[in-house]
Structures are given as C-alpha cells and as structure tokens.
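Visitor: Sharing a sequence plus its predicted fold:
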Amino acid sequence: MAASKPLLIPWLIEQIDSGRYPGVNWANQERTEFCIPWKHGLRQDSSDDDVRIFKAWAEISGATHTDASVWKRNFRSALRAKGCERITDKSNDAAYPHKVFRLPQREQRRRYQEPVVNPTPGPPLASPMPTVENLAEDTPIQGIVDKDVLEQSLMGLNIYEPQQGTQFKVSAYYRGVKVLEQLVENNAGFKVLFRPENTESSSAFARSDPGLTPIYLPGTDQVTIYDRTQARLTQQILDKLGDGLEVLVGGSSVYGLRRGGSKSYWSLCKFPNSNIPQEVSKQERQILYSMKDFIQVLMNFISSGGESPSFSLFFCIGEKWPDPEHKPWEKKLIMLEVILTSLELLKLIAVDGGASSLQSVQLQISDKPSLMDALEQWMDTLES
C-alpha cells in the first residue's frame, strides 16, 4: 500500500526547521511567519535551487509529472487551502525575490505556547503589509454577487484558462458632452478615425490593420455645438486625424500608436494628479496598460485594502493631456474614455463582495477556485 500523503503544515514546518532549502526560513522570532523564495523561471539567474521546495512538495504529493511552474502553483494553492496567508509579495525584487506567508491562526496559537528558538538566518525582509483579519469559516458572506453570476462572469473572462477575452467600451466627448459610445468586441483592438459624412468608405482604415475595429468620430455637422469657435477647432482636429489612433492588444498589454496628423495624449485617469502631458508615440507601438499591473493591484486591493486599480484609458486628441495648466477634461475639445470591460467586471465583483470577504472566504463555485486563486493563476500564466 502506498504511503499516505503527509499534512502540509507539519511537513512544511519540518522543512523550514531543517534549513536544507536555500532561502526557506522563518521570518519572525515567533516562527509564525515564513519566507519562500519566489523567483520567476525566465530570469537569467534562476536555478534548480529556486524550485527545490516546490519540487519536494510535488514529489511527496505525487505530482512530479508536471513542470516547475505547476509545482509552484500547486504549492501556493495548498498553502491557501490550509489557511496560510500571504502577507508580503516581493517576487519582483531584483536582489531577493520572495514571498512571506503566515501560518493558520490555530497553528499560531499553538506555537505561541512553545519555547522560542532563533530562526534560520536569511536575507532581511520588508515589514509585512497590513492585512484584514480572517473571518470565521461560518461567517455569512454579505453583499457578494450571486454565485451563478460570478461563475458566468469569470468563465466569460476565461479566467480559469487565462486568455485575453478583452472587450472595450469607447466613449467620445466633445467638451464634456458625450457624442459617441461603442462597444468593441474584438480581442485585437480598435482604430479611431474620422470619416466625413459624404464619404462611403475610409481610405485610412483600408491602409491600416484590417483586424482592428473602426470607430468613426462624428463631424461637427452631426452633433450640436453652439459655440462656433469650439466647432471650428474641433473640426480642424478631426480633419487632421487622417490614419487615426490605434489601440491594440498584444500579449498581456494594451498598446497605442498614432498614425494621423492630430497628436494624441493619454492617461490612466480622468482626473490625473500630474500636469505632465503624455503623448502617444507615432514612431512605434507604446505600452499604455499592463494586465499584470492591474491583476497585482487588484490582488493587493482584495488582500489588504490597498489602492483601487484603474480599468480605463483616457485619450485627448489634438490637445495636451494631462493639461499643463490643470484644465479639466470637460474643457477639452475631444476626449476618449476607453473602459476595459472585463477588468471593470473583476473590480466590481471584488468591491461588491468587499475586499476582506473575497480574501478570507473561499467561494465554492462548482469545482472552480476562488477569485483570488483565479487571479493568482492568471498572473502565473501571464508571467510564464
């Protein structure tokens, strides 16, 4: 008969105490927090030592047929399933990539009663991030969206088998007045153009990537503008738009490229604190938005109530933005708001359930992982 699989927590404590794994050590004197090296496999300085603890658990779990990235993911999932809380994530640290976890509360109470021994020496650790206290297992989940809605939403995002299922909701404003709204259901992206009313086809779009969805801004004769100066200046920008502004998806990033004569500027916020304009490049595709950054910020928001992630891009066509004189967006002749709808949905799910609720209560949706597990799995896929 095959040997039974050991319990994770006692096994892990034994491995930490042994000192046989480089970088795997206690992070505090009470031995309730522990450090695990967490180096990305594509780094030039990566070695077999970086995955030894993950491989060891894979071997004892009977899952050695998979690769190192799966060993790491399974190890992290096992920690979460047993109630270990991640309190520090320095996996992107150049000198010492690592994560710090905290043992489950019942194990912490037991260890507080034990004599304290000096922890195994290791690299200095940053102070743990503030965390929200875990709820009891029988605490009712208040305010969380319907389970069926949540499952359908996450499945629609392909979050269990991470891919880009990205959609865009594009709105155009002429001095703060919405003149266009269009949903782009195209994983490749879209292109912003101006087509005069008497033109049946756009030669500019014909010269661009046919895989992009065209969005045609209305002329001043198609909308109501009472101010003649505003109408004249707006039309001048539209007439020079030419080959337009491209917003494209590539890998885990959103890119921008200006092809026409009217300069375009961008930001991640409708009310930026900065007054330094950011021009969209005309020379080469420029990264404007990173899916990985969004997921990381959202995970921090869920786990510790940190900064709320942005799921939008804002473009100003023909005028500098952010404005050097802090002129509000409503005063700009042409502004575009681009919402990444799939990311907006993820944030709404997190906010509706409450950051602490989603972090501390495992949502049992069929056999699917919780939102936090799914986000971490998505992050692993994007980094691999």
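Guide: Cool, the structure landed. Numbers count the residues shown, from 1 in each chain.

Visitor: Next, the distance between the ends of stretch 306-320.
Guide: Stretch 306-320 has an end-to-end distance of 31 Å (criterion: CA to CA, to the nearest Å).

Visitor: Mind listing the residues bridging to residue 182?
Guide: residue 170 (DSSP bridges).

Visitor: Tell me the pLDDT of it.
Guide: pLDDT, residue 182: 93.

Visitor: Pretty sure residue 214 is one of the things it touches, is it not?
Guide: No: using CB atoms under 8 Å, residue 182 is not in contact with residue 214; the gap is 9.7 Å. Every residue, glycine included, has its C-beta placed from N, CA and C.

Visitor: So for these two, which sits in the more crowded spot?
Guide: Shown here are residue 182 and residue 214; by other CB atoms under 10 Å, residue 214 has more neighbours (18 against 14).

Visitor: Surely the more buried one is in a strand?
Guide: Yes: if the criterion is DSSP: H, G, I helix; E, B strand; the rest coil, then residue 214 is within a strand.

Visitor: Now do the strands in this protein.
Guide: Along the chain, the segments classed as strands by DSSP state E run 25-26, 33-37, 85-90, 98-102, 168-174, 177-184, 189-194, 213-217, 245-250, 253-258, 264-267, 286-290, 312-317, 335-340.

Visitor: Any chance of JSON lines for those strands, columns distance to residue 239?
Guide: Putting the strands of the chain into JSON lines (distance: least, CB to CB, whole Å) gives the following:
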{"stretch": "strand 25-26", "distance to residue 239": "65"}
{"stretch": "strand 33-37", "distance to residue 239": "58"}
{"stretch": "strand 85-90", "distance to residue 239": "49"}
{"stretch": "strand 98-102", "distance to residue 239": "54"}
{"stretch": "strand 168-174", "distance to residue 239": "15"}
{"stretch": "strand 177-184", "distance to residue 239": "16"}
{"stretch": "strand 189-194", "distance to residue 239": "7"}
{"stretch": "strand 213-217", "distance to residue 239": "11"}
{"stretch": "strand 245-250", "distance to residue 239": "15"}
{"stretch": "strand 253-258", "distance to residue 239": "16"}
{"stretch": "strand 264-267", "distance to residue 239": "15"}
{"stretch": "strand 286-290", "distance to residue 239": "25"}
{"stretch": "strand 312-317", "distance to residue 239": "12"}
{"stretch": "strand 335-340", "distance to residue 239": "17"}
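
Visitor: ok, of the ones you listed, where does mean pLDDT dip lowest?
Guide: Among these, strand 85-90 carries the lowest mean pLDDT (a mean of 86).

Visitor: Next, the angle from it to strand 98-102.
Guide: Taking axes from the mean of the first three to the mean of the last three CA atoms, to 10 degrees, one finds strand 85-90 and strand 98-102 inclined to each other by 160 degrees.

Visitor: Restricting to C-alpha, output strand 85-90 in PDB.
Guide: Taking C-alpha atoms only, strand 85-90 is exported to PDB below (Å, rounded to 0.1, in the frame of the first residue of the first chain):
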ATOM      1  CA  GLU A  85      -2.000  34.000   4.500                       C
ATOM      2  CA  ARG A  86       0.400  35.800   2.100                       C
ATOM      3  CA  ILE A  87       1.500  39.000   3.900                       C
ATOM      4  CA  THR A  88       4.400  40.200   1.700                       C
ATOM      5  CA  ASP A  89       4.900  39.800  -2.100                       C
ATOM      6  CA  LYS A  90       8.400  40.700  -3.200                       C
END
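
Visitor: helices or strands next to that strand in the packing?
Guide: strand 98-102 (3 or more CB pairs under 8 Å, 6 or more residues apart in numbering; DSSP states H and E).

Visitor: Tell me the strands beside the strand it packs on, with direction?
Guide: Sheet pairing here is set by DSSP bridges, and for strand 98-102 it gives strand 33-37 (antiparallel), strand 85-90 (antiparallel).

Visitor: how near is the residue nearest to residue 261 when sequence neighbours are not counted to residue 259?
Guide: Closest residue to residue 261 apart from its sequence neighbours, by CB to CB, 6 or more residues apart in numbering: residue 240 at 4.0 Å. Residue 240 is 12 Å from residue 259, where distance means CB to CB, to the nearest Å.

Visitor: Pull up the overlap in contacts between the two.
Guide: With CB atoms under 8 Å, 6 or more residues apart in numbering applied, the contact sets of residue 240 and residue 259 do not overlap.

Visitor: and those two? which has more neighbours close in?
Guide: Neighbour totals were compared for residue 240 and residue 259, and residue 259 leads with 18 against 14 (other CB under 10 Å).

Visitor: Please name the nearest non-neighbouring residue to that one.
Guide: Nearest residue to residue 259 in three dimensions, chain neighbours excluded: residue 243, at 3.5 Å (CB to CB, 6+ apart).

Visitor: Can you give me the neighbour number for residue 246?
Guide: By the measure other CB under 10 Å, the count of residues near residue 246 is 23.
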